[in-house]
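In: this is a predicted model, with the sequence first.
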Amino acid sequence: MDQAFDLFGAPVPANHGRRGRPQHIPTQENRNKVSMLLALGWSNERIANALHITLPTLRKHYFSELKFRDVQRDRMTATLTMHLWSQVEAGNVSAMREFGALIERNDRMAAEQFFETTKTSQAPRLGKKQLDEQRAMDADAELTAELDQEAAAAHHAVN
């Protein structure tokens, strides 16, 4: 076994003990950790701090994981769902209960997304000027209606 490891199980770089900072060696465990932290929504700076490396080192060695930031949450959920499904197939009753709850959460999320898209597509958002103009028109219509009522009441009072 040529590779030496430190007390934490991380591989010791070849230039350890010599001049200069030792080069970071990306491990599969660190790659998985970066993917998990991305799925949890952590920033690059926070991930780099967790791994005890600089931000440029994170970008240099883990660019392939950082590239898929947007889909990491879905990948993690899919992996967890597959592990849960294997427990369901094995007959684990608590896994069956949890899988049912997962399906309900997923259906609720899909329904919320559907209703959110239909709600936003119905009424376009108005800017400040458009809102002010609409409020002025509404106030003008209300004032006109009120004056018409007063004129009709005055006309009835005279007759």
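Out: All right, it came through fine. None of these values were measured; they are calculated from a predicted model.
In: Three-state assignment for Q3, please.
Out: Per DSSP: H, G, I helix; E, B strand; the rest coil, the local secondary structure of Q3 is coil.
In: show the pLDDT at it.
Out: On pLDDT, Q3 comes in at 75.
In: wait, doesn't it sit right on G9?
Out: No: if you go by CB atoms under 8 Å, Q3 and G9 don't touch, sitting 11.1 Å apart. (Glycine included, C-beta is placed from N, CA and C.)
In: how about the one helix or strand F115 maps to, which residues are buried there?
Out: In the assignment (DSSP states H and E), F115 maps to helix 93-122. Going by neighbour count (16 or more other CB atoms under 10 Å), the buried part of helix 93-122 is 95, 99, 102.
In: for that helix, packing partners?
Out: helix 72-89 (3 or more CB pairs under 8 Å, 6 or more residues apart in numbering; DSSP states H and E).
In: what packs against the helix it packs on?
Out: Right, helix 72-89 is packed against helix 28-39, helix 93-122 by 3+ CB pairs under 8 Å, 6+ apart.
In: hmm, who's touching it?
Out: 35-36, 38-41, 65, 68, 95-96, 98-99, 102 (CB atoms under 8 Å, 6 or more residues apart in numbering).
In: tell me which two of those sit farthest apart.
Out: Pairwise distances across the contacts of helix 72-89 peak at 33.0 Å for E65 and M96 (criterion: CB to CB).
In: is it possible to export the helices and strands packed on helix 72-89 to a markdown table including distance to R46?
Out: A markdown table is the format used below for the helices and strands packed on helix 72-89 (distance: least, CB to CB, whole Å):
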| stretch | distance to R46 |
| --- | --- |
| helix 28-39 | 7 |
| helix 93-122 | 26 |
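In: any chance of the ones you listed in a markdown table, plus distance to P22 and mean pLDDT?
Out: A markdown table is the format used below for the helices and strands packed on helix 72-89 (distance: least, CB to CB, whole Å; pLDDT from 0 to 100):
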| stretch | distance to P22 | mean pLDDT |
| --- | --- | --- |
| helix 28-39 | 15 | 93 |
| helix 93-122 | 44 | 86 |
